[in-house]
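[1] The sequence isn't on hand, but the structure is:
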């Protein structure tokens, strides 16, 4: 059986320094996605989205491992795109108007057919209420700036400012605020949470 380490293969995208902002080029990648809106800390829709993303991602992992591809790989971390229709009101103090896409990256060999089968299997076994909102889509971000934030989400402000300053000195912001959650927040101390802050740029 072939084993692959996607985090290692995509090191520049899933490892980052907390010391300095760096510029990277992000290729088109496929993600399982669920769209929603509202405060992620209180909106049931966000918790439901995270749950169904991991359910189907693990179903896919075991399907690929046991199937004809016979490839073993680790499920990738949760990621999120965040924005508001009026970005002047995109505030960390009031998240009620936030819009988001919760997502988990999938390897290239995960096809729409495999995803459809995994969704059908999860629907039979668990039937989570957000299963109908799940989709497989490609995201193309291209040139981005990113940095690693260590600590609770409430303290991301300075890291985000560093990324924005880096971009404005070289061009302008483009696309949606992107976060990659490297830690299991159910187990890790909030002071040690690791989050990659990424922002597309032009």
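    All right, it came through fine. Predicted model, so just to flag it, every value in this text is computed and none were measured. Numbers count the residues shown, from 1 in each chain.

[2] For the most centrally placed residue in the chain, list the residues it contacts.
    Note on the chain: the residue nearest the mean C-alpha position is residue 79, at 1.3 Å, using Cα atoms, centre = their mean. Neighbouring residues of residue 79 by Cβ atoms under 8 Å, 6 or more residues apart in numbering: 31, 102, 103, 104, 105, 178, 179, 180, 181. Backbone N, C-alpha and C define where each C-beta goes, glycine included.

[3] mean confidence for the longest helix seen in the chain?
    Counting residues, the longest helix found in the chain (DSSP state H) is helix 44-66. For helix 44-66, mean pLDDT rounds to 96.

[4] didn't residue 129 look like it was pressed against residue 47?
    No. When contacts are counted by Cβ atoms under 8 Å, residue 129 is not listed as touching residue 47 (10.9 Å).

[5] Flag the shaky bits of the protein, pLDDT-wise.
    Low-confidence segments of the chain (pLDDT under 70): 87-93.

[6] quick one: the helices in it?
    Assigned by DSSP H, the chain shows helices spanning 6-9, 11-14, 44-66, 112-125, 157-168.

[7] could I get these as JSON lines with mean neighbour count and distance to residue 133?
    Formatted as JSON lines, the helices of the chain follow (neighbours: other Cβ atoms under 10 Å; distance: least, Cβ to Cβ, whole Å):
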{"stretch": "helix 6-9", "mean neighbour count": "13", "distance to residue 133": "25"}
{"stretch": "helix 11-14", "mean neighbour count": "15", "distance to residue 133": "25"}
{"stretch": "helix 44-66", "mean neighbour count": "19", "distance to residue 133": "7"}
{"stretch": "helix 112-125", "mean neighbour count": "15", "distance to residue 133": "11"}
{"stretch": "helix 157-168", "mean neighbour count": "16", "distance to residue 133": "28"}
